[in-house]
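> Just a sequence and a predicted model for now, questions to come.
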Amino acid sequence: MPTVRQLLQYKPNGKQIVALTAWDFAIAQILDEAGVDLILVGDSLAMVVLGYENTLPLTLDEIIHHAKAVKRGVKNALIVVDLPFLSYQTSTEVAIASAGRILKETGAQAVKLEGGHPAMVATISRLVEIGIPVMGHIGLTPQSVHQLGYRQQGQTETDRERSIESALALEAAGAFSIVLEHIPADLAKSISQKLSIPTIGIGAGADCDGQVLVTADLLGLTQRQPPFAKAYVNLRATIAQAVQDYSAEVKKGRGEG
Ligand SMILES: Nc1nc(=O)c2c([nH]1)NC[C@@H]1CN(c3ccc(C(=O)N[C@@H](CCC(=O)O)C(=O)O)cc3)CN21
Ligand SMILES: CC(C)C(=O)C(=O)O
Ligand SMILES: [Mg+2]
């Protein structure tokens, strides 16, 4: 079972980190049995599972409910849980209380917080100090959708420099890894080279130290997905076909359901 410490050995050993999101027992069990290194209970579940327009409405209670189910399905992978919008931004004390609830109530080993500005870096430093492993997340931070939209970040020179500064500050604060979302591949490569902790990319090119994807996108369950998300199977079509086959049998009076 990769602990946070073991995961840190991947980069020096030239090993890529395989990460995916999960939101319930069955999905978590399948990913874990397939050998995924890191399972993220991402707040994207607000959109792909709960049908919200963006990730903002998700509550701490809701993500804890899902993270507990995920934990029951996992034997080996490291479990990281997203802190939902406004469960950590208002003060370090609020962040400690929220992250503490996640570790205590779900059994997950780490939390992820969006942003790399000085106040967030200070909060992360305090969380790490009290024993809570933290994953950073910079570039496109979906909890700031009303300011950023879902456009690629890190395009201007100022923005590139700010991203690099944030990444270095997060590493110095003790983050064990950083998600780089929707930034140019050359910027992600340069950040990855500057850091000793592993970067996990999503829409950030191949030159990161690992990759993460929203599992609903990988499975072809989502109707609207980001341009960088690759579906490896079309489960929407597979499920629709199975439901049609079942319906046809029931209507003929030959179904068992
Ligand atoms: N299913 C799913 N997959 C994800 O990867 C994901 C979520 N949901 N929800 C939370 C965020 C939102 N993400 C997104 C969503 C859309 C784009 C997208 O369509 N970007 C376009 C145009 C954006 C615009 O201009 O508004 C692009 O070309 O960058 C990117 C990332 C990534 N995250
Ligand atoms: C896309 C990943 C990094 C995420 O934060 C999520 O799924 O919520
Ligand atoms: Mg998230």
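Thanks, I have it. Residues are numbered from 1 along each chain as shown. Ligands and ions are numbered 1, 2, ... in the order given.

> Please make it C-alpha for all contacts and neighbour counts, starting now.
OK.

> Count the neighbours of the nearest residue to Asn54 once chain neighbours are set aside for me.
Counting by Cα to Cα, 6 or more residues apart in numbering, the nearest residue to Asn54 once its immediate chain neighbours are dropped is Met47, at 5.8 Å. Neighbour count for Met47, taken as other Cα atoms under 10 Å: 16.

> My guess is Met47 contacts Leu56. True?
No: applying Cα atoms under 8 Å as the test, Met47 and Leu56 come out as separate, 9.5 Å apart.

> so the closest residue to Ala173 other than its chain neighbours is in which element?
Closest residue to Ala173 apart from its sequence neighbours, by Cα to Cα, 6+ apart: Ser125 at 4.5 Å. In this assignment (DSSP states H and E), Ser125 forms part of helix 118-129.

> Next secondary structure after that helix?
strand 134-139.

> and that following strand, what's its mean pLDDT?
The pLDDT scores in strand 134-139 average 98.

> swap in stretch 99-109?
For stretch 99-109, the mean per-residue pLDDT is 98.

> neighbours around the closest residue to Gly220 other than its chain neighbours, how many?
The shortest distance from Gly220 to any non-neighbouring residue, by Cα to Cα, 6+ apart, is to Asn234 (4.3 Å). If you count neighbours by other Cα under 10 Å, Asn234 ends up with 14.

> What are the buried residues along the lowest-mean-pLDDT helix or strand in the chain?
When the helices and strands of the chain are scored by mean pLDDT, DSSP states H and E, helix 4-7 comes last with a mean of 92. Neighbour-count burial for helix 4-7, with 16 or more other Cα atoms under 10 Å as criterion, is recorded at Val4, Leu7.

> got the contact list for that helix?
By Cα atoms under 8 Å, 6 or more residues apart in numbering, the surrounding residues in contact with helix 4-7 are Ile17, Leu78, Gln109, Pro133, Phe176.

> tell me which parts of the stretch 151-257 of the chain are close to ligand 2?
Leu213, Val214 (Cα under 6 Å from any ligand atom).

> would you list every one of the strands in the protein?
17-21, 38-41, 78-82, 110-112, 134-139, 177-181, 199-202, 210-213 (DSSP state E).

> for the longest one, packing partners?
So the one you mean is strand 134-139. strand 110-112, helix 118-129, helix 157-173, strand 177-181 (3 or more Cα pairs under 8 Å, 6 or more residues apart in numbering; DSSP states H and E).

> Swap in 10 Å and give it another go.
strand 78-82, strand 110-112, helix 118-129, helix 157-173, strand 177-181, strand 199-202 (3 or more Cα pairs under 10 Å, 6 or more residues apart in numbering; DSSP states H and E).

> Alpha carbons only: can I get it in PDB?
C-alpha atoms of strand 134-139 as PDB (Å, rounded to 0.1, in the frame of the first residue of the first chain):
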ATOM      1  CA  VAL A 134      -1.500  17.800   1.700                       C
ATOM      2  CA  MET A 135      -1.700  17.700  -2.000                       C
ATOM      3  CA  GLY A 136      -1.600  21.100  -3.800                       C
ATOM      4  CA  HIS A 137      -3.600  22.000  -6.900                       C
ATOM      5  CA  ILE A 138      -2.700  24.900  -9.300                       C
ATOM      6  CA  GLY A 139      -3.300  26.000 -12.800                       C
END
